[in-house]
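J.: Structure, please.
(chains A and B, ligands or ions: 2)
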Amino acid sequence: MQMIRCPWCGPREEVEFHYGGQAHVPYPAEPAALSDEEWAHYVFFRDNTRGVFAERWSHSAGCRKWFNALRDTVSYRFLAVYRPGDPRPVLDGSDQTQHQTHHQKAGASS
Amino acid sequence: MTTVDAFSTDPADAVPHTPAAAAGDRLNGTPPRTPGAELPEHPEFLWDNPEPKKSYDVVVIGGGGHGLATAHYLAKNHGITNVAVLEKGWLAGGNTARNTTLIRSNYLWDESAAIYEHSLKLWEGLEDDLGYPILFSQRGVLNLAHTLQDVRDSVRRVEANVLNGVDAEWLEPDEVRKVCPIVNTSTDIRYPVLGATYQPRAGIAKHDYVAWGFARRVNEAGIDIIQDCEVTGFVRDGNRVTGVRTTRGDIACGKVALAAAGSTSVLTDMLGLRVPIQSHPLQALVSELLEPVHPTIVMSNAVHVYVSQAHKGELVMGAGVDSYNGYGQRGAFHIIERQMAAAVELFPVFARAHLLRTWGGIVDTTPDASPIVGRTPYDNVFLNCGWGTGGFKATPGVGWVFADTVANDTPHPYAAPFSLDRFVTGRLVDEHGAAAVAH
Ligand SMILES: Cc1cc2nc3c(=O)[nH]c(=O)nc-3n(C[C@H](O)[C@H](O)[C@H](O)COP(=O)(O)OP(=O)(O)OC[C@H]3O[C@@H](n4cnc5c(N)ncnc54)[C@H](O)[C@@H]3O)c2cc1C
Ligand SMILES: [Zn+2]
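T.: Ligands and ions are numbered 1, 2, ... in the order given. Next up is the predicted model:
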């Protein structure tokens, strides 16, 4: 089973976590000003990236805190985890998985 | 001693099978016999592998069941044959090859019942239409109810189905036992079976044969099936797409029909078009071959598994998606473990069956668990996606409806409710309730 590193508790088994979808989707600053189309995009539309994706996770069977992660949606490998409010980390090239060739680099977890 | 190949009717095979004789053949100028040489010839290829032409009237992206069925009905119903089906891998190697082939039409809402029942009717005549065996077996589906709320929802769905002309019945536990004796209907289990909905016309089919049957017909109609041809970009001119860029060169096109299932977002991103789709891994598994023990299909939302038994004898099982987004065509093993636990709870007789194989596909899920079929902001780009965990059953139906939409530049009536703009108007077709294990 994949180990996921909770920023507070450290590495725990994947079954302790709950997925929360795309990260960094802020609540609209001026909700009343939104058109139907803009509301639709806020409520129903999320990025569906093939590759490195910033997403939310909750350590639901542990400390129950939410955090963010950068994860590769092809290899499923976690590349970084960070606390809410922290900016999306910039990965150095060694963390990236090459999708075109389906080539996976070893030891690229953070 | 002389032995004669017992399986051969060819008198030429009636030759001695000894090394000396083989050597003698060589001396006589006839080639030596190779073990296995009596095996039958490979069957004829069912489709060609043409080089892409410079231009087509319609380019269908995705050579799975949906893309092939769309091409079939473009030719058959609309006489449109200057068509290419572009497939990045091999024909029908995506979800078509990976799905568990449950076919049913007992959905709750009128819009869904219309398109899925249209599809089921086409399944009933598909073998004749394709002139190819597809092993469509209408063995019925039981959707089990385990709680009072399940019972109420199920009875409501049965009544909605009946009003829509979909065959459906409510069965009490003793009737469930009659249809499927191996389901555990005792009252002392964690989720006792309180009854089930039953659709007798539901069934399974042989997914590869379905794809091959469509491919053969499509090829006969003069449509080009081009495998190993990934679409990597689009050539745009204002509100139109005039061509696709592929790993086998640029191809000009009059219209584009997207049928790329789990990879749809990768393509729509290239078009700057946002779609409310999340791609998830969905896994399934089979047991070793067993004697026929399971006469129907059983699905359970609460215990979260569904099971049928394939023609050869494998138990075929599946459940829900892996939670996170994923394009990896594989999933985590704890999902499989949970599925097996659920299966053994419902079918104690499976406890000693062995798991033979697990695999995964990429399913394109939408917020309301209904597909997206229709037009896009581009004048000549058409969208078919979002079938998620349950689009195999729709293969002929959506092929028909999508071909009509593409041919006439206007949504077929069965497609109209499934437009992309329903997420703006709020007119969702919420099928989550109809089957949480939605296949
Ligand atoms: C494990 C599993 C079980 C399932 N069980 C059922 C079930 O029991 N009943 C049911 O009704 N449905 C089921 N489904 C869902 C069903 O398989 C899908 O909804 C349906 O197959 C999708 O349509 P398709 O056949 O065209 O998709 P696919 O066969 O996936 O075809 C899409 C094709 O597009 C190609 N493609 C993608 N991107 C590009 C590109 N850029 N260029 C060229 N080609 C491209 C892909 O390679 C692929 O071959 C299941 C799915 C899975 C994974
Ligand atoms: Zn924690």
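J.: When you work out contacts or count neighbours from here on, use the C-alpha atoms and nothing else.
T.: Will do.
J.: in the sheet, who's paired with the residue nearest to B:Ala261 when sequence neighbours are not counted?
T.: Residue nearest to B:Ala261 in three dimensions, not counting chain neighbours: B:Cys385, with 5.4 Å by CA to CA, 6 or more residues apart in numbering or on different chains. Note on B:Cys385: beta-bridge partners B:Ile372, judged by DSSP bridges.
J.: show me the contacts for B:Cys385.
T.: Residues near B:Cys385 by CA atoms under 8 Å, 6 or more residues apart in numbering or on different chains: B:Leu258, B:Ala259, B:Ala260, B:Ala261, B:Thr264, B:Asp364, B:Pro371, B:Ile372, B:Val373.
J.: okay if I get these as JSON lines plus pLDDT?
T.: Listed next are those as JSON lines, based on pLDDT from 0 to 100:
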{"residue": "B:Leu258", "pLDDT": "98"}
{"residue": "B:Ala259", "pLDDT": "98"}
{"residue": "B:Ala260", "pLDDT": "98"}
{"residue": "B:Ala261", "pLDDT": "98"}
{"residue": "B:Thr264", "pLDDT": "98"}
{"residue": "B:Asp364", "pLDDT": "98"}
{"residue": "B:Pro371", "pLDDT": "98"}
{"residue": "B:Ile372", "pLDDT": "98"}
{"residue": "B:Val373", "pLDDT": "98"}
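J.: Closest to ligand 1 out of those residues?
T.: B:Ala260 (3.6 Å; CA to the nearest ligand atom).
J.: before we move on, the earlier item: of the contacts of B:Cys385, list those near ligand 1.
T.: When the contacts of B:Cys385 are checked against ligand 1 using CA under 6 Å from any ligand atom, the ones in range are B:Ala259, B:Ala260, B:Ala261.
J.: quick revisit: export the contacts of B:Cys385 to JSON lines and append columns for neighbour count.
T.: Output for these, formatted as JSON lines (neighbours: other CA atoms under 10 Å in any protein chain shown):
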{"residue": "B:Leu258", "neighbour count": "22"}
{"residue": "B:Ala259", "neighbour count": "29"}
{"residue": "B:Ala260", "neighbour count": "27"}
{"residue": "B:Ala261", "neighbour count": "26"}
{"residue": "B:Thr264", "neighbour count": "24"}
{"residue": "B:Asp364", "neighbour count": "29"}
{"residue": "B:Pro371", "neighbour count": "27"}
{"residue": "B:Ile372", "neighbour count": "23"}
{"residue": "B:Val373", "neighbour count": "27"}
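J.: Could you dump these into TSV with distance to ligand 2 added?
T.: What follows is the contacts of B:Cys385, written out as TSV (distance: CA to the ion, whole Å):
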residue	distance to ligand 2
B:Leu258	42
B:Ala259	41
B:Ala260	38
B:Ala261	35
B:Thr264	34
B:Asp364	30
B:Pro371	37
B:Ile372	38
B:Val373	42
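J.: Let me know the distance separating B:Ile277 from B:Val401.
T.: B:Ile277 is 21 Å from B:Val401, where distance means CA to CA, to the nearest Å.
J.: Which residue, neighbours along the chain excluded, lies closest to the residue in chain A that ligand 1 sits nearest to?
T.: Residue of chain A nearest ligand 1, by CA to the nearest ligand atom: A:Arg50 (11.5 Å). Taking CA to CA, 6+ apart, and ignoring the residues beside it in sequence, A:Arg50 has A:Thr73 as its nearest neighbour in space, at 5.7 Å.
J.: Isn't that neighbour up against B:Arg330?
T.: No. Taking CA atoms under 8 Å as the definition, A:Thr73 is not a contact partner of B:Arg330, at 11.0 Å.
J.: who has more neighbours, those two?
T.: A:Thr73 (25 against 21; other CA atoms under 10 Å in any protein chain shown).
J.: so what pLDDT did that one get?
T.: Looking at A:Thr73, its pLDDT is 98.
J.: again, but for the one 10 residues further on
T.: Predicted confidence (pLDDT) for A:Arg83: 97.
J.: Which phi and psi values does the residue lying closest to it once chain neighbours are set aside adopt?
T.: Closest residue to A:Arg83 in three dimensions, ignoring its sequence neighbours and counting by CA to CA, 6+ apart: A:Phe67, at 4.9 Å. In terms of degrees, to the nearest 10, the main-chain angles of A:Phe67 are phi -150, psi 170.
J.: what do you get for the one 4 residues further on?
T.: With angles defined as degrees, to the nearest 10, A:Arg71 sits at phi -130, psi 150.
J.: Repeat that for B:Ile335.
T.: Torsion angles, degrees, to the nearest 10, at B:Ile335: phi -70, psi -40.
J.: Ok, B:Arg216 next?
T.: According to degrees, to the nearest 10, B:Arg216 has phi -60, psi -40.
J.: separation between it and B:Pro371?
T.: 27 Å.
J.: packing partners for the host helix or strand of A:Glu38?
T.: Using DSSP states H and E, A:Glu38 falls within helix A:36-44. If you count contacts as 3 or more CA pairs under 8 Å, 6 or more residues apart in numbering or on different chains; DSSP states H and E, helix A:36-44 packs onto helix B:422-425.
J.: Any buried residues in the helix it packs on, and which?
T.: B:Phe423, B:Val424 (16 or more other CA atoms under 10 Å in any protein chain shown).
J.: Which stretches in the stretch 201-350 of chain B count as helices?
T.: B:207-220, B:264-270, B:333-346 (DSSP state H, counting those that start in this stretch).
J.: And chain A, is the shortest one touching that?
T.: Yes. Contact of helix B:264-270 with chain A is found when judged by CA under 8 Å from any CA of the partner chain, involving B:Ser265, B:Val266.
J.: The stretch 301-439 of chain B against ligand 1: which residues are in contact?
T.: B:Gly360, B:Gly361, B:Ile362, B:Val363, B:Trp387, B:Gly388, B:Thr389, B:Gly390, B:Gly391, B:Phe392, B:Lys393, B:His439.
J.: of these, list those near ligand 2.
T.: Among those, not one lies near ligand 2 by CA under 5 Å from the ion.
J.: Throw the residues you listed into JSON lines and include distance to chain A, pLDDT and secondary structure, thanks.
T.: Converted to JSON lines, those look like this (distance: CA to the nearest CA, whole Å; pLDDT from 0 to 100; DSSP: H, G, I helix; E, B strand; the rest coil):
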{"residue": "B:Gly360", "distance to chain A": "13", "pLDDT": "98", "secondary structure": "strand"}
{"residue": "B:Gly361", "distance to chain A": "12", "pLDDT": "98", "secondary structure": "strand"}
{"residue": "B:Ile362", "distance to chain A": "10", "pLDDT": "98", "secondary structure": "strand"}
{"residue": "B:Val363", "distance to chain A": "12", "pLDDT": "98", "secondary structure": "strand"}
{"residue": "B:Trp387", "distance to chain A": "16", "pLDDT": "98", "secondary structure": "coil"}
{"residue": "B:Gly388", "distance to chain A": "14", "pLDDT": "97", "secondary structure": "coil"}
{"residue": "B:Thr389", "distance to chain A": "17", "pLDDT": "96", "secondary structure": "coil"}
{"residue": "B:Gly390", "distance to chain A": "19", "pLDDT": "96", "secondary structure": "coil"}
{"residue": "B:Gly391", "distance to chain A": "19", "pLDDT": "98", "secondary structure": "coil"}
{"residue": "B:Phe392", "distance to chain A": "22", "pLDDT": "98", "secondary structure": "coil"}
{"residue": "B:Lys393", "distance to chain A": "25", "pLDDT": "98", "secondary structure": "coil"}
{"residue": "B:His439", "distance to chain A": "22", "pLDDT": "57", "secondary structure": "coil"}
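J.: Need the max-distance pair from these.
T.: With distances taken as CA to CA, the most widely separated pair in those is B:Gly360 and B:Lys393, at 18.0 Å.
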